[in-house]
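My questions concern the predicted model and sequence given below.
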Amino acid sequence: MKLSKYQALLEQFLKEPIFKASDARSKGIPPRMLAYFCQKGIIERVGRGVYRVVEASSGVDLDFEELVLTVSSIPKGVVCLISALSYYQLTDQIMREYWIAVPNADTSPKRPHTRIIRMRNMTLGLTTVKMGKYKVKIFDRERTIVDAFRILSDEVAIKALQAYLKPSTGLKADLPKLSKYAKALRININSYIMALTT
């Protein structure tokens, strides 16, 4: 098959910001041609078997574009902790790396600038948000707060809880849900909630 035919086959993927090597292979594009298109700067490899179209617009805010591409390249990945706190505007921490949760039984995938957190309970507080053209799995605000107390420093977790409790965020705090999640994940945050709400 001539190069022009491979380019024609690639056209169908140029409308999507991200695609898998297996999808390309099923349409007749071999791995060597994906490597060639990477060299030419038409596509770039974002993870094992995952490619993005260089010129495609993802429609995602620049602050979160790489996070979205990274989590999209991890099949069971869920945005969590600092990355989720940043998305919900519950932290002043700078997102220096992307925090992605994967099931505890899975092997941790390698991605640049990414911290993979293996978790046992991947369904509690799991939600999907739309970021540009993507549907992204992320833990909801309450799960993110509880995880912050479980995994991050007390300082970061307390500041996140304070931000969560402020009515200025436009979203009302759901204390029963927060307590339910804390109980399910076996972490006691009642003393912090009482201190910040009295």
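Structure received. What you are looking at is a predicted structure, and each value in this text was computed from that prediction instead of being measured.

Quick check, central residue of the protein?
For the chain, the residue nearest the mean C-alpha position is V79 (3.3 Å; C-alpha atoms, centre = their mean).

what pairs with the closest residue to it other than its chain neighbours across the strands?
Leaving aside its sequence neighbours, V79 sits nearest to I138 (C-beta to C-beta, 6 or more residues apart in numbering; 4.0 Å). Using the backbone N, CA and C atoms, a C-beta is placed for each residue, glycine as well. Listed by DSSP bridges, the beta-bridge partners for I138 are V79, T127.

who's in contact with I138?
Taking C-beta atoms under 8 Å, 6 or more residues apart in numbering as the criterion, I138 is in contact with V78, V79, C80, A84, Y87, L126, T127, T128, V129.

can I get these in JSON lines with pLDDT?
Below are the contacts of I138 laid out as JSON lines (pLDDT from 0 to 100):
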{"residue": "V78", "pLDDT": "97"}
{"residue": "V79", "pLDDT": "97"}
{"residue": "C80", "pLDDT": "98"}
{"residue": "A84", "pLDDT": "96"}
{"residue": "Y87", "pLDDT": "93"}
{"residue": "L126", "pLDDT": "97"}
{"residue": "T127", "pLDDT": "97"}
{"residue": "T128", "pLDDT": "96"}
{"residue": "V129", "pLDDT": "94"}
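
just these now: which is nearest D147?
Using C-beta to C-beta, C80 is the member of the contacts of I138 that lies nearest D147, at 6.2 Å.

from memory that closest one sits against M95, does it?
No. Using C-beta atoms under 8 Å, C80 makes no contact with M95, being 11.9 Å away.

quick one on the thing from earlier: how much space between the residue nearest to the centre of the chain and I18?
Remark: distance between V79 and I18 (C-beta to C-beta, to the nearest Å) = 16 Å.

Look up how far Q7 lies from the nearest residue to A173 once chain neighbours are set aside.
Spatial nearest neighbour of A173, excluding adjacent residues (C-beta to C-beta, 6+ apart): L165 at 5.1 Å. Distance, L165 to Q7, using C-beta to C-beta: 55 Å.

same deal with V46?
21 Å.

S86 now?
S86 sits 38 Å away from Q7, going by C-beta to C-beta.

More neighbours: which of these two?
More neighbours surround S86 than the other of S86 and Q7, with 20 against 15 (other C-beta atoms under 10 Å).

Let's verify that one: helix, strand, or coil?
The local conformation at S86, judged by DSSP: H, G, I helix; E, B strand; the rest coil, is helix.

Could you report the pLDDT at it?
As predicted, S86 sits at a pLDDT of 93.

surely it meets Q93?
Yes. Proximity of S86 to Q93 meets the contact threshold set by C-beta under 8 Å, at 7.1 Å.

doesn't T197 make contact with the residue nearest to A173?
Yes. Using C-beta under 8 Å, L165 makes contact with T197 at a distance of 6.5 Å.
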